[in-house]
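J.: 3D, please:
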Amino acid sequence: MNSTLNDVKLENLQRVLGHDGDVNDLELEWLQQQGALADQLNDAWDEYLTLQGYPGGVDAAAMNDRWYRWLGDQGHTGNLNERWASYWPSL
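T.: Alright, predicted model coming up:
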């Protein structure tokens with residue numbers, strides 16, 4: 001069975017956080033552990049990326065650009081999905 005990007009994200013968030021849950025809830029929890037204060041996932045990503053030195057907006061185009069640059073600066077290559085696919089196992 002092929003894993004989807006969401007499967008890879010879920011598996012690695014469960015590994016890092018040490019418990020099961022909904023992928024979005026786990027992602028939000030991880031972002032909050034990294035310093036985000038927001039209770040909404042997109043807002044938490046905005047806060048986290050800003051804390052990491054990637055300020056910008058929360059609209060889809062701005063977030064994709066910010067994620068692309070942030071992931072690339074950590075050594076992940078390819079298109080955005082490929083960068084995410086290599087990022088989540090690296091947590």
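
J.: flag the shaky bits of the protein, pLDDT-wise.
T.: 1-2 (pLDDT under 70).

J.: where exactly do the helices run in it?
T.: 5-17, 23-33, 41-51, 60-73, 80-87 (DSSP state H).

J.: would you turn those helices into a markdown table with mean neighbour count?
T.: Bear in mind the C-beta positions are built from the backbone N, C-alpha and C, glycine included. Converted to a markdown table, the helices of the chain look like this (neighbours: other Cβ atoms under 10 Å):
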| stretch | mean neighbour count |
| --- | --- |
| helix 5-17 | 16 |
| helix 23-33 | 16 |
| helix 41-51 | 17 |
| helix 60-73 | 15 |
| helix 80-87 | 15 |
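
J.: gap between the spatially closest residue to residue 49 that is not a sequence neighbour and residue 4?
T.: Nearest residue to residue 49, sequence neighbours excluded (Cβ to Cβ, 6 or more residues apart in numbering): residue 66, at 5.0 Å. According to Cβ to Cβ, to the nearest Å, residue 66 and residue 4 sit 23 Å apart.

J.: residue 17 reaches residue 29, doesn't it?
T.: Yes: if you go by Cβ atoms under 8 Å, residue 17 and residue 29 touch, sitting 6.1 Å apart.

J.: who touches both of the two?
T.: The overlap between the contact sets of residue 17 and residue 29 (Cβ atoms under 8 Å, 6 or more residues apart in numbering) is empty.

J.: what sits against the closest residue in space to residue 42 that isn't next to it in sequence?
T.: When the adjacent residues along the chain are set aside, residue 42 lies closest to residue 58, with 5.2 Å between them (Cβ to Cβ, 6+ apart). Counting by Cβ under 8 Å, 6+ apart, residue 58 touches 42-43, 45-46.
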